[in-house]
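J.: The sequence isn't on hand, but the structure is:
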């Protein structure tokens with residue numbers, strides 16, 4: 001799944017491109033009016049623009065301009081492409097948009113669109129768009145050089161082409177890639193590889209285990225087709241199961257799938273297979289909704305939250321909040337916050353009561369947990385203990401809707417890789433499991449429901465889950 005920050009940046013860029021188009025259109029019209037005697041006056045231009053037909057025509061021009069920019073890849077990830085390709089693509093996009101305006105002027109008789117207008121418009125839009133893209137690339141590069149916005153990359157294969165690719169990436173820290181290491185079988189080229197200075201972190205047999213234990217954003221496959229085709233298929237299946245993006249050097253083999261996409265990193269052709277949620281503007285809207293709702297709820301409930309904190313402090317010794325590391329997006333660990341509902345040494349006492357576990361799988365839940373305080377039982381029944389997780393939502397660790405974040409202990413008990421695909425999306429406060437019975441749902445069914453949410457995700461589904469969460473909380477169904 002594409003990150004919320006990237007979706008925010010992409011949406012801002014789309015809006016900016018439209019504003020640039022409008023500004024350059026107005027600037028070209030001014031130049032046309034200023035230097036051409038037969039041009040329209042300001043009064044005539046204003047009179048023309050307020051007509052409904054002309055407004056609709058201009059809206060169509062904006063939509064087509066936006067579509068053309070999208071067609072030439074202006075809103076995909078550009079961290080992988082070279083600057084000259086950015087210039088070429090931008091020039092193609094602005095040129096195509098300018099040609100469309102020419103055709104529209106001929107079809108609808110737009111008087112102001114002259115050769116001078118088109119030349120000025122094309123120069124302005126092309127130069128401004130290129131300048132902004134380069135400035136944005138430079139700013140993001142500086143951020144990544146300082147260790148932010150990094151993507152963890154694992155390279156499968158230790159042949160010379162793999163090393164060449166890795167060296168290209170390592171020499172460009174502004175791309176924002178951190179190479180975790182290499183994976184390969186035992187072959188005659190390994191001694192030469194070891195002289196490169198890169199780490200061999202796993203072999204092909206224990207690759208699944210490595211992916212389970214480490215935060216990996218992308219796997220780059222560089223294995224030759226002739227001798228290791230069956231390994232390539234296995235690696236794709238492993239990454240699919242765990243929801244990890246896989247990229248393949250284009251010379252080796254093709255990946256078929258609805259989320260496969262041809263891309264480039266520093267001149268190297270890759271075929272990328274995306275896992276998790278489909279990218280696009282809905283993902284940005286999801287993040288925007290997360291921020292707005294969590295902010296409003298925290299502000300509105302601030303007095304009530306203070307009262308709850310005071311009650312916890314008065315009725316039980318120990319901290320007000322319970323903080324625990326959970327597994328988040330792509331298995332990154334983050335600290336989750338909840339109101340404390342158990343005795344302070346609850347974690348230490350777990351081993352004493354593990355035999356009382358009432359649910360299947362690696363998770364631990366019992367209905368009448370002796371570690372829960374009297375107030376804690378009420379907080380859990382009403383789900384009030386979950387409210388501090390809105391802070392995690394604001395921080396970007398979680399979403400309002402998504403698979404529930406699991407403790408590290410529970411994750412280490414997973415025995416099937418297909419279950420790990422739930423970590424390809426941001427975890428949430430509520431989910432399908434939450435509204436369908438919570439603790440009464442078997443673990444296997446719970447995992448299947450998480451994958452069902454990922455495969456069928458839409459904004460509408462999120463809103464439906466949010467609305468159905470309220471009655472589920474009121475009923476206290478399945479709470480433990």
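T.: Yes, it's here. These numbers come from a predicted model, not from an experiment.
J.: okay but residue 169 is in contact with residue 175, surely?
T.: Yes - using Cβ atoms under 8 Å, residue 169 is in contact with residue 175, at 6.3 Å. Yep, even glycine has a C-beta here, placed from its N, CA and C like the rest.
J.: Quick check: mean pLDDT of stretch 238-251?
T.: The average pLDDT within stretch 238-251 is 82.
J.: Next, report how far that stretch is displaced from the centre of its chain.
T.: When distances are taken as Cα atoms, centre = their mean, to the nearest Å, stretch 238-251 is centred 16 Å away from the chain's centroid.
J.: Kindly report the same for stretch 164-182.
T.: With Cα atoms, centre = their mean, you get 21 Å for stretch 164-182.
J.: And the strands in the stretch 351-480 of the chain, which stretches?
T.: Here the stretch 351-480 of the chain has its strands, by DSSP state E, counting those that start in this stretch, at 399-401, 406-407, 428-430.
J.: Single out the most deeply packed of those.
T.: strand 399-401 (a mean of 25; mean count of other Cβ atoms under 10 Å).
J.: Check the average confidence over that strand, would you?
T.: Mean pLDDT, strand 399-401: 94.
J.: next one: that strand to chain centre, how far?
T.: On Cα atoms, centre = their mean, the centre of strand 399-401 falls 13 Å from that of its chain.
J.: which residues are contacting that strand?
T.: 286-287, 289-290, 293-294, 393, 425-431, 453, 461-462, 465-466 (Cβ atoms under 8 Å, 6 or more residues apart in numbering).
J.: how close does residue 16 get to residue 30?
T.: Computed as Cβ to Cβ, to the nearest Å, the residue 16 to residue 30 distance reads 21 Å.
J.: ditto for residue 165
T.: Using Cβ to Cβ, one obtains 49 Å as the distance from residue 165 to residue 30.
J.: Counting neighbours around each, name which of the two comes out higher.
T.: Taking other Cβ atoms under 10 Å, residue 165 and residue 30 do not tie; residue 165 has more neighbours (22 against 15).
J.: Please identify the helix or strand for the more buried one.
T.: helix 160-170 (DSSP states H and E).
J.: Please compute how far the next helix or strand after that helix lies from its chain's middle.
T.: Downstream of helix 160-170, the first helix or strand assigned by DSSP H and E is strand 177-183. Relative to the centre of its chain, strand 177-183 is centred 20 Å away, using Cα atoms, centre = their mean.
J.: Could you tell me which strands sit next to strand 177-183 in the sheet, and their orientation?
T.: Counting by DSSP bridges, the strands paired with strand 177-183 are strand 151-156 (parallel), strand 200-202 (parallel).
J.: Spatially nearest residue to residue 185, not counting backbone neighbours?
T.: With Cβ to Cβ, 6 or more residues apart in numbering as the criterion, residue 185 has its nearest non-adjacent residue at 5.1 Å, and that residue is residue 204.
J.: hang on, the one you found packs against residue 186?
T.: No - at 9.4 Å, residue 204 does not count as touching residue 186 under the criterion of Cβ under 8 Å.
J.: Let me know the average pLDDT across the one helix or strand residue 210 maps to.
T.: If you go by DSSP H and E, residue 210 is part of helix 207-213. Helix 207-213 carries an average pLDDT of 91.
J.: Buried by neighbour count: which residues of it qualify?
T.: By neighbour count on 16 or more other Cβ atoms under 10 Å, the buried set for helix 207-213 is 207, 208, 210, 211, 212.
J.: Next secondary structure after that helix?
T.: Next helix or strand after helix 207-213 toward the C-terminus (DSSP H and E): strand 218-221.
J.: Mean confidence (pLDDT) on that following strand, please.
T.: 92.
J.: neighbouring contacts of it?
T.: Against strand 218-221 from outside (Cβ under 8 Å, 6+ apart): 151-157, 162, 165, 177, 211, 232, 235-236, 239, 244-249, 252, 270.
J.: still on that earlier bit, which other helices and strands contact the helix holding residue 165?
T.: With contacts taken as 3 or more Cβ pairs under 8 Å, 6 or more residues apart in numbering; DSSP states H and E, helix 160-170 sits against strand 151-156, strand 177-183, strand 260-265.
J.: Of these, which shows the lowest average pLDDT?
T.: Among the helices and strands packed on helix 160-170, strand 260-265 carries the lowest mean pLDDT (a mean of 64).
J.: How is the chain partitioned into domains?
T.: The chain breaks down by automatic domain parsing into domains covering 4-145, 151-273, 281-475.
J.: all helices of the stretch 51-200 of the chain, in order?
T.: Along the stretch 51-200 of the chain, counting by DSSP state H, counting those that start in this stretch, helices occupy 52-71, 83-108, 115-145, 160-170, 190-194.
J.: coming back round to it: which of residue 204 and residue 186 has more residues huddled nearby?
T.: Remark: of residue 204 and residue 186, residue 204 carries more neighbours, 18 against 8, as counted by other Cβ under 10 Å.
J.: residues contacting residue 126?
T.: With Cβ under 8 Å, 6+ apart, residue 126 has these contacts: 90, 91, 94, 95.
J.: Looking at the residues you listed, which one is closest to residue 312?
T.: Residue 312 has its nearest neighbour among the contacts of residue 126 in residue 90, at 56.6 Å by Cβ to Cβ.
J.: what's near enough to touch that closest one?
T.: 72, 74, 126, 129, 130, 133.
J.: Count the neighbours of the residue nearest to the first one when sequence neighbours are not counted for me.
T.: With sequence-adjacent residues excluded and distances taken as Cβ to Cβ, 6+ apart, residue 72 is closest to residue 93, at 4.2 Å. Each residue near residue 93 was counted by other Cβ under 10 Å, and the total is 22.
J.: gap between residue 93 and residue 161?
T.: 32 Å.
J.: next one: residue 428
T.: Counting by Cβ to Cβ, the gap from residue 428 to residue 161 is 40 Å.
J.: same deal with residue 8?
T.: Taking Cβ to Cβ, one finds residue 8 at 36 Å from residue 161.
J.: In the stretch 201-350 of the chain, where is pLDDT below threshold?
T.: Residue ranges of the stretch 201-350 of the chain with pLDDT under 70: 225-230, 250-267, 269, 271-280.
J.: if we go to 50?
T.: In the predicted model, the stretch 201-350 of the chain carries pLDDT under 50 at residues 252-258.
J.: Do a quick rundown of the strands in it.
T.: Going by DSSP E, counting those that start in this stretch, the stretch 201-350 of the chain shows strands at 218-221, 245-249, 260-265, 268-273, 321-327, 333-339.
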